[in-house]
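Enquirer: Need coordinates for the below:
(chains A and B)
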Amino acid sequence: MAKIVTANARLVLRLYVAGNAPNSLIAIANLKAICDAHFAAGHELEIVDLLKHPLRALADGIIVTPTLLKLLPLPVHRVIGNLSDRTEVLLTLAGK
Amino acid sequence: MKTASPQTAVTKMLTGIQGFDEITDGGLPRGRTTLVMGGPGCGKTVFALQTLVNGAHRMKEAGIFVAFEENARQIAVNAATFGWDLPALEEKKLFFLDAQLSPEVVKVGGFDLIGMLALLQAKTEATHATRIVFDGIDVLLGLLDDPAAERREIYRVRDWLSKTGLTGIITQKAGNEAGDRYSFLQFMVDCVVVLRHQVVNGSAFRNLRVVKYRGSGFSGDAFPISLTKEGMQLTNRGPTELKYEVTTERISTGLPRLDKMLRGGYHRGSNVLISGAPGTAKSTLAGLFAAAACERGERTLYVSFDEGAAQIVRNLRSVGIRLSSHVKSGLLKIYSTRTRGPNVEDQFGDLRAQVRAHHPRCVVIDPLSALSTKLAHLASADVAQWFLDFLKGEKVTVVNTSLMNGLDTEEATATGISTVADTWIHLSYIVQDGERNRALTIVKSRGTGHSNQVRELTLSDQGVNLTDVFIAHGKVLMGVARWQWEQEEQAGRQRTQVATEYKRLHLQLGQAEAAARLQVIQTEMEARSAEIAVLADATGSASSLLRTDEAMLRKLRHADDDVRVGRRGVAKRGGGTNGKGPEGAT
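Expert: You can find the predicted model right below:
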C-alpha cells in the first residue's frame, strides 16, 4: 500500500473539523494514523476548528465537516467524511 | 405582517408572492420552517428565492440562500430573468452559500452539517438575516447514503432553525426516490406547500397547494400559478364574495347606433363579449371601442393573439378606424403575442404584468378564445375567468372577442366566459340571395335595457355602420335584398303620395261643392225667415184688430167688465172694481 505514495513529494494537508463532533474526532484519528503510517517522512497537517474560524472555512468553500483539503502537491483535492476508508484516502492523496 | 389566530399566535412573514400571502392570510409562519415540495420544474427554487428577494427588497429583511443544487452564479442568472438583481442585493441583504459539491470531491465515511450550520450562524449574526432557504438539501445528504444519518442531519437543521428563530424554507423534490425518503419532513415542519406541474390535453399547468399550516387557517385549494417576468404569481380566485364597485357610468362602444341599442353604451368596468364566426368584424368592433377610449383620453391596452401591432393598425384603418396616433402618443398599447401552447397561466401572468405596467382603463383581448376555446377544458376557462375578475377588480372595461360559430350554448358555456360577460354581442353571417351579410344581435346586457332587434353591420372605407334590417314576408332582409326592398318601398311611397294628392283634391272639390250647397241653403233659410217674419206681422195686426173690435162691441153693449164676449149670457154684479175694461188686459 505504501508503495503507491512517492515519499519525496511534499504533502500539505488541512483538515476542517467541527469542535469535537464525533465524525470530526474520527477523522482526526484516521488522518493522523494514515500520515504516521505513510507520510512520516514529510508532511504538514493543519487542523482547523470551523466553529472557531468560520470565515476561514467559508473562504475555503467548506460545506460539511469534516473536510480534508490536500493543498500540495497540486492539484488541490477535497475529501469529505470521517476518512474511515484508508485506501480511498490514500488513493486521493496520491492524486488518483 | 399580521397575526392570524390569537390562541396560537402564529406570526406571519410576507412572501410578497402575489396571491400566496392572501391564501395564507399573511404568508409563511415566522420563525418556523416551511417545506416546499414539488417535482422538477415546478418552481420550488423560484418560490424560495422570490421570498428572499422580496424580503430583502421590500421588507428590508436580510436572507441567506443555501444552494445545494446550483451554484450561486447560475442562480443569479436565473434570477435575472425575473428582473431580480441579485448581485446588487447580495451586497447587503442577501447571502448565498454555495453548497454544491463539485464532482471531484471524494466522500470517505460519514460527515455532518455541524460545520455548515456554524458558518450560517456566523453569517446570520453578521447580516442579521431573518430568512433562510435550504434549496435541494437532499443532493448533499444523499451522499451520506445512510437514511438514518440523513434524518439525523435534517433534524440537526430543524433544531438549529428553531434555536436561531430564523424563518426557514426547505425545498424538497417530490415524486422520486429522495422524495419518499424525506416524507418524514412533512410531519416535522409547520407548513407544507406543494407545487405541481401537470399536463392536461398537451397544455402544462402549474399549481400550488398549501397542505399543512400549523396554527393557522389557510385555503387548501390548488391555485394555478404562473411564472411571469416578475416571478411567481398565484392566479387565485380573489375574494369568494364578489364585491366589485359598480357604476352606472356608460362609455361609448365607438359606434353610435350600438350605443343607442345598449341605451347609452357599455357600463364602465364591465366585461363585454363579442362572439362570432371568422370574419364577422369582431376585431373591428373591438377596434372601434379602443379608438373611442383613446379619443376620450383613456389609457387602453389592446392584446392581440393573432396579429402584430402594425397589421392591426393597418387593418382597422381600412374601415376608417385610426389608431396610429394613439399608439405614438403612448395612450394605446398594442401587445401582440403568440398563442403559446404550454402554459395558460403563464400567458395570463404576462397579461397581468402588461396591465400593471400600462394601467389601462380599457382593455381589448382579441381573441379571448385563443386561450379558452382552443384549450376547452375547465382549468383554462377558470384562469380566463380569474383574469377577467382581476380586471373587474381594477375597474377596467374589457372587450373580449371570441371565435364562435353559432350561439351554441354548450360551446359558450364550455368556455365559461358567457357567464362572466356582462354584455354579449353576437355577430353572424346571414346568407341570402347568394350573399353573406353581417348581422349583429345583443344576446344579453346586464343592468341595461337593450334592443332585441337584429341589425346589419356594414363596413366600408367610410367606416362602420349599423343599419336597420327589414322584415318582409317573414324574412330578415339584408344587403342587396334590403336595398331592393328599400327601392320598392320608395316606389310604393311615391305611388301612395300621388294617390293621396288625388284624393285630397277630390275631397277638396266635394268640400267646395258642399260649401256652395251650404250657401244656397243659407240663402234659402234667410228667405224663409223673412217670409216667416212677414207672416207673423200679418197675424199680429189681425188679432189686435179683432180685439179692438171686441172692445168696441162691449162698449156698445155696456157690458160688465167680467163678462167676456163669448159668455154673454152669464151676468154678474160687482161694479166696485169696474172702470177698467178688458182692454186693460190686452
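Enquirer: use CA for all of it now, contacts and neighbours both
Expert: Will do.
Enquirer: Contact partners for whichever residue of the stretch 351-500 of chain B sits closest to chain A?
Expert: Per CA to the nearest CA, the residue of the stretch 351-500 of chain B with the smallest distance to chain A is B:Ala353, at 39.2 Å. If you count contacts by CA atoms under 8 Å, 6 or more residues apart in numbering or on different chains, B:Ala353 has them with B:228-230.
Enquirer: Run through the bridge partners of B:Leu227.
Expert: Legend: beta-bridge partners of B:Leu227 under DSSP bridges are B:Met232.
Enquirer: Number of residues surrounding it?
Expert: 22 (other CA atoms under 10 Å in any protein chain shown).
Enquirer: how far away is it from B:Phe82?
Expert: B:Leu227 sits at a distance of 9 Å from B:Phe82 (criterion: CA to CA, to the nearest Å).
Enquirer: same thing with B:Ile425?
Expert: From B:Ile425 to B:Phe82 the distance is 39 Å (CA to CA).
Enquirer: Please identify which of the two sits among more neighbours.
Expert: B:Ile425 (19 against 16).
Enquirer: Keeping just the C-alphas, turn whichever strand or helix holds that one into PDB.
Expert: Per DSSP states H and E: B:Ile425 is located in strand B:423-432. Only the C-alpha atoms of strand B:423-432 are listed here, as PDB (Å, rounded to 0.1, in the frame of the first residue of the first chain):
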ATOM      1  CA  THR B 423     -72.800  42.300 -22.200                       C
ATOM      2  CA  TRP B 424     -72.700  39.700 -25.000                       C
ATOM      3  CA  ILE B 425     -72.900  40.800 -28.600                       C
ATOM      4  CA  HIS B 426     -73.100  38.100 -31.200                       C
ATOM      5  CA  LEU B 427     -72.100  38.600 -34.900                       C
ATOM      6  CA  SER B 428     -73.200  36.200 -37.500                       C
ATOM      7  CA  TYR B 429     -73.500  35.800 -41.200                       C
ATOM      8  CA  ILE B 430     -76.900  35.600 -42.800                       C
ATOM      9  CA  VAL B 431     -76.700  34.000 -46.200                       C
ATOM     10  CA  GLN B 432     -79.500  35.100 -48.500                       C
END
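Enquirer: For that strand, which helices and strands make contact with it?
Expert: With contacts defined as 3 or more CA pairs under 8 Å, 6 or more residues apart in numbering or on different chains; DSSP states H and E, strand B:423-432 has these neighbours: strand B:271-276, strand B:435-445.
Enquirer: would TSV of these with mean neighbour count and distance to chain A be doable?
Expert: As requested, the helices and strands packed on strand B:423-432 are exported to TSV (neighbours: other CA atoms under 10 Å in any protein chain shown; distance: least, CA to the nearest CA, whole Å):
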stretch	mean neighbour count	distance to chain A
strand B:271-276	27	56
strand B:435-445	19	65
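Enquirer: Make TSV out of the ones you listed and add mean pLDDT.
Expert: Below are the helices and strands packed on strand B:423-432 laid out as TSV (pLDDT from 0 to 100):
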stretch	mean pLDDT
strand B:271-276	85
strand B:435-445	81
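Enquirer: looking at chain A, which helix or strand does the model trust least?
Expert: Every helix and strand of chain A was ranked by mean pLDDT, DSSP states H and E. The lowest is helix A:86-93, at a mean of 80.
Enquirer: If we go by neighbour counts, what in that helix is buried?
Expert: Buried residues in helix A:86-93, defined by neighbour count with 16 or more other CA atoms under 10 Å in any protein chain shown: A:88-90, A:92-93.
Enquirer: so what secondary structure elements neighbour that helix?
Expert: Applying 3+ CA pairs under 8 Å, 6+ apart, we find helix A:86-93 packed against helix A:22-38, strand A:77-80.
Enquirer: what's the distance between that helix and the middle of its chain?
Expert: Chain-centre distance of helix A:86-93: 10 Å, with CA atoms, centre = their mean, to the nearest Å.
Enquirer: Not counting its own residues, what contacts it?
Expert: A:4-5, A:30, A:34, A:70, A:77, A:79, A:83, B:106, B:108.
Enquirer: Take the helices and strands packed on strand B:423-432 and write them to TSV, including distance to B:Met261.
Expert: Below are those laid out as TSV (distance: least, CA to CA, whole Å):
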stretch	distance to B:Met261
strand B:271-276	14
strand B:435-445	8
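Enquirer: Which positions in stretch B:420-430 come out as buried?
Expert: By neighbour count on 16+ other CA under 10 Å, the buried set for stretch B:420-430 is B:420-430.
Enquirer: meant to ask about stretch B:117-127
Expert: B:117-124, B:127.
Enquirer: Tell me which of those residues fall in helices.
Expert: Using DSSP state H, the subset of the buried residues of stretch B:117-127 located in helices is B:117-124, B:127.
Enquirer: ok, the nearest residue to A:Leu45 once chain neighbours are set aside - contacts?
Expert: Nearest-residue entry for A:Leu45: A:Leu13, 4.8 Å, with adjacent residues in sequence omitted and distances by CA to CA, 6 or more residues apart in numbering or on different chains. Applying CA under 8 Å, 6+ apart, we find A:Leu13 in contact with A:43-46, A:68-72.
Enquirer: again with B:Cys42
Expert: Counted by CA under 8 Å, 6+ apart, B:Cys42 has contacts B:195-197, B:206.
Enquirer: what angle sits between the lengthiest helix in chain B and strand B:423-432?
Expert: Taking DSSP H as the criterion, chain B has its longest helix at helix B:479-557. Computed with axes from the mean of the first three to the mean of the last three CA atoms, to 10 degrees, the direction of helix B:479-557 lies at 100 degrees from that of strand B:423-432.
Enquirer: Show me what helix B:479-557 is packed up against.
Expert: Short answer (3+ CA pairs under 8 Å, 6+ apart): helix B:479-557 packs on strand B:435-445.
Enquirer: Sheet partners, orientation included, of the strand it packs on?
Expert: Counting by DSSP bridges, strand B:435-445 is paired with strand B:423-432 (antiparallel), strand B:455-460 (antiparallel).
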